[in-house]
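Enquirer: Next comes the sequence, and after it the predicted model I'd like to discuss.
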Amino acid sequence: MNEREYIRDLASKLFDYGSMQEQQEKIKLIKACNDLKPVRPIVFARPENGWSDLHEKWGSHKCEDRRLRVIEDSLLKGIIRAEHIPDDMPVLPEYRVPLRILNNGYNDFGVQLEVTETEREKGAYHIEPAIRNWEDIKKLHFRKLGVDREGSREDMEFAHALLGDILDVYTVGVTDWRYGLTRVLIHMRGFQQFLMDMYDYPEETHNIIQFLADNFANEMDYYTKENLISPNTLDNDYIGVGGPCATDDLPGREHQSDFGVKDCAVWAESQETIGVSPAQFEEYVFKYQKPLVDQFGLCGYGCCEGLEGRFDILKKGLDNLRWIAVSPWADAEKMAEQIGRDYVYLYKVNPALVVSPQADWEAAEKQVRNIKRLTDGMSVQFSLKDTNTFCNEPERIIRWVDMAMKIAAE
């Protein structure tokens, strides 16, 4: 097989799908929702680790060349979405080439973060604390960020030469801004130990969270000075809160020459502290997140934690708050009352109802209908994510999307 010709054929196919008028209609719906002028609820499905099931049935990887395989994966995902996931996320006739950012991983703080995994693929893991005594804090240092500009240039030249006459090929820098400080901390200190530390070692716990906040502030300055920041609320962009984040309230690529975090959306969360009081959340987490989040144009907050007990803190403290994650474990009715029409109610449905060995379609439909009833007239997104598998039945994602789209249109 001529792999380059195969890739160009995939690009042509993606171009055809991305050029359809229906993609523009999807973009309008998403922006209306995110700009708080909703037409109807948005429906979004994100396969995540379940992509393996979709690829196996609807588009397996064929390339052996490493660089071509990266491109192939992106193109296949766009085509599969266009052909088999009839939700509101648009497919665009483009290919993004990421800059090679260096030393931005969890293991780049000066300590080796380790976990013990189960034998099951994509299963749970146990955190092995890297900081076992407070003397180990002395090993920590800010991440020594860098960018491989020559490698990035080569990546762009390669992709543009291959696809530039078919797709809009462009470089993207830093787009993923996540301030889940406690997520990093528990990988340093251990989950249970961190919860105990707030009682037994409050000063030391404050110090290490302050270190993490200072590190991220330093990184923000570095990315700004090196002109590495790219728009992250474009037509098919996604925010970690759980859904599409395209908006007209922030600038796009046409303003990238002087782009900064003020033009971007940020995601913050602290799902690890769901068991602590709102007062402890504010003291140990939020007061360190706020100075970071305040720098951005818009913010989404939350992951798997229920936010009803700390929503007042978020509302009072964040003027740029826009997307609120409402997890399956949140009090959906109370959250609807708190969010109202001032924010996007981003509801993450319970994926277990769809991806368990025996899917419970009756419960899945009841869940979506209940949220539709509670949020009438609000800016709402229904999001199916955290799907590690579809039990070799990728058609399940179609069935859920069809059901949710029908309810959204009622």
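Expert: Sure, I can see it. Keep in mind the model is a prediction, meaning the values are calculated, not measured. Numbering: from 1, shown residues only.
Enquirer: Grab the nearest non-local neighbour of the spatially most central residue of the chain.
Expert: Nearest to the geometric centre of the chain sits residue 240, at 2.4 Å (CA atoms, centre = their mean). Spatial nearest neighbour of residue 240, excluding adjacent residues (CB to CB, 6 or more residues apart in numbering): residue 267 at 3.9 Å. C-beta coordinates here come from the backbone N, C-alpha and C atoms, glycine included.
Enquirer: Secondary structure element holding that neighbour?
Expert: If you go by DSSP states H and E, residue 267 is part of strand 265-268.
Enquirer: on that earlier part again, surely the residue nearest to residue 240 and residue 238 touch.
Expert: No. Judged on CB atoms under 8 Å, residue 267 makes no contact with residue 238 at a distance of 10.0 Å.
Enquirer: Those two: which is more packed in?
Expert: Using other CB atoms under 10 Å as the criterion, residue 267 and residue 238 rank with residue 267 on top: 25 against 20.
Enquirer: after the strand holding residue 267 comes which helix or strand?
Expert: In the C-terminal direction, the helix or strand that comes right after strand 265-268 (DSSP H and E) is helix 278-281.
Enquirer: How is the residue lying closest to residue 274 once chain neighbours are set aside assigned, secondary-structure-wise?
Expert: Excluding its sequence neighbours, the residue lying closest to residue 274 (CB to CB, 6+ apart) is residue 305, at 4.1 Å. On the three-state scheme (DSSP: H, G, I helix; E, B strand; the rest coil), residue 305 is labelled coil.
Enquirer: Thought residue 328 was touching residue 305, still the case?
Expert: No. The criterion here is CB under 8 Å, and residue 305 misses it with residue 328 at 11.2 Å.
Enquirer: out of the two, which sits in the busier spot?
Expert: Ranked by neighbour count (other CB under 10 Å), residue 305 and residue 328 place residue 305 first, with 21 against 16.
Enquirer: how close does that one get to residue 331?
Expert: 12 Å (CB to CB, to the nearest Å).
Enquirer: Got the confidence number for the residue nearest to residue 274?
Expert: Per-residue pLDDT puts residue 305 at 95.
Enquirer: now the one 3 residues further on
Expert: At residue 308, the pLDDT value in this model is 97.
Enquirer: secondary structure element for it?
Expert: Residue 308 belongs to no helix or strand when elements are defined using DSSP H and E.
Enquirer: ok, it - contacts?
Expert: Residue 308 makes contact with 330, 331, 334, 335, 338, according to CB atoms under 8 Å, 6 or more residues apart in numbering.
Enquirer: Of those residues, grab the buried ones for PyMOL.
Expert: Buried subset of these, written as a PyMOL selection, criterion 16 or more other CB atoms under 10 Å:
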select buried, resi 330+334+335+338
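Enquirer: Among the contacts of residue 308, which ones are in helices?
Expert: Counting by DSSP state H, the contacts of residue 308 place 334, 335, 338 in helices.
Enquirer: Let me know the closest of those residues to residue 7.
Expert: The shortest gap between residue 7 and any of those belongs to residue 335, at 44.5 Å (CB to CB).
Enquirer: follow-up on the earlier one: farthest pair within the contacts of residue 308?
Expert: Greatest spatial distance in the contacts of residue 308: 330 and 338, 10.2 Å, computed using CB to CB.
Enquirer: any low-confidence regions in the chain?
Expert: Applying pLDDT under 70 to the chain flags residues 255-257.
Enquirer: quick one, longest helix in it?
Expert: From DSSP H, the single longest helix across the chain is helix 202-225.
Enquirer: continuing past that helix, what's the next helix or strand?
Expert: Trace forward from helix 202-225 with DSSP H and E and the next one is strand 238-239.
Enquirer: what lines up beside whichever helix or strand comes after that following strand in the sheet?
Expert: Following strand 238-239 in sequence order, the next helix or strand is strand 243-244 (DSSP H and E). Strand 243-244 has these partner strands in its sheet, going by DSSP bridges: strand 238-239 (antiparallel).
Enquirer: Quick one: distance of the partner strand to the chain centre.
Expert: Per CA atoms, centre = their mean, to the nearest Å, the displacement of strand 238-239 from the mean C-alpha position of its chain is 5 Å.
Enquirer: ok so, going back, now the strand holding residue 267 - C-alpha only, CSV.
Expert: This file holds the C-alpha atoms of strand 265-268, laid out as CSV (Å, rounded to 0.1, in the frame of the first residue of the first chain):
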residue,chain,number,x,y,z
ALA,A,265,-10.6,29.4,28.2
VAL,A,266,-9.3,27.6,31.2
TRP,A,267,-10.4,24.5,33.0
ALA,A,268,-10.1,24.1,36.8
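Enquirer: Quick one: residues in contact with that strand.
Expert: Under the criterion CB under 8 Å, 6+ apart, residues 177-180, 232-233, 239-241, 245, 247, 250, 289, 292-293, 295-301, 322-323 lie in contact with strand 265-268.
Enquirer: Likewise for stretch 385-399?
Expert: Under the criterion CB under 8 Å, 6+ apart, residues 44-50, 52-54, 56-58, 84-86, 122, 242, 304, 348, 351, 354-357, 359, 361, 384 lie in contact with stretch 385-399.
Enquirer: in stretch 8-22, what's buried?
Expert: Within stretch 8-22, the residues that count as buried by 16+ other CB under 10 Å are 8, 10, 11, 13, 14, 15, 17, 18.
Enquirer: Repeat that for stretch 391-398.
Expert: 394, 396, 397.
Enquirer: List just the nearest of these to residue 32.
Expert: For the buried residues of stretch 391-398, the residue nearest residue 32 by CB to CB is residue 397; the value is 24.4 Å.
Enquirer: Run the chain-centre distance for the host helix or strand of the closest one.
Expert: Per DSSP H and E: residue 397 is located in helix 395-409. The chain centroid and the centroid of helix 395-409 are separated by 21 Å under CA atoms, centre = their mean.
Enquirer: Would you mark the buried spots in that helix?
Expert: Buried residues in helix 395-409, counted by 16+ other CB under 10 Å: 396, 397, 400, 401, 403, 404, 405, 407, 408.
Enquirer: again, but for stretch 361-376
Expert: Neighbour-count burial for stretch 361-376, counted by 16+ other CB under 10 Å, picks out 364, 365, 367, 368, 371, 372, 374, 375.
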